[in-house]
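**Student:** structure, please.
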Amino acid sequence: MEITREDILHLADLSNFSLTEDEINSLGADLKNIIKYISQLDELNVDGVEPTYQVFEMENIWREDEILPQDANREELLALAPAAEDNQVKVPKVL
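**Tutor:** Alright, predicted model coming up:
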């Protein structure tokens, strides 16, 4: 795959970068080397190899919810709020 100057300028524009001429040339050479390195994967024989989506087993660990007794009561907690109304914390409008 050939990386053109226009490709680099397009990527720079998408990334909101301003590049000097030296940086454009350097980035072009770097991108070519990166693509060449990654293209080595095309040479691998992967016949019969299942795709790997996770490299280790992941699973959710579920636990039962436990309601534990609290030391504070509603009135004490509402007293800590800057404003309260009808046993609820009053907050400024969001929208």
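**Student:** and the strands in the protein?
**Tutor:** Assigned by DSSP state E, the strands in the chain fall at 84-85, 88-89.
**Student:** for Asn60, find the nearest of those strands.
**Tutor:** Asn60 lies closest, by Cβ to Cβ, to one member of the strands of the chain: strand 88-89, at 31.7 Å. Backbone N, C-alpha and C define where each C-beta goes, glycine included.
**Student:** select, out of the strands of the chain, the one closest to Ile35.
**Tutor:** Judged by Cβ to Cβ, the one of the strands of the chain that comes nearest to Ile35 is strand 88-89, at 55.6 Å.
**Student:** who's in contact with the closest one?
**Tutor:** Outside strand 88-89, the residues within contact range by Cβ atoms under 8 Å, 6 or more residues apart in numbering are 78, 81, 83.
**Student:** wait, isn't the last one in contact with Pro92?
**Tutor:** Right, Ala83. No: counting by Cβ atoms under 8 Å, Ala83 stays clear of Pro92, with 9.2 Å between them.
**Student:** who has more neighbours out of the two?
**Tutor:** Neighbours per residue (other Cβ atoms under 10 Å) separate Ala83 from Pro92, with Ala83 holding more: 10 against 6.
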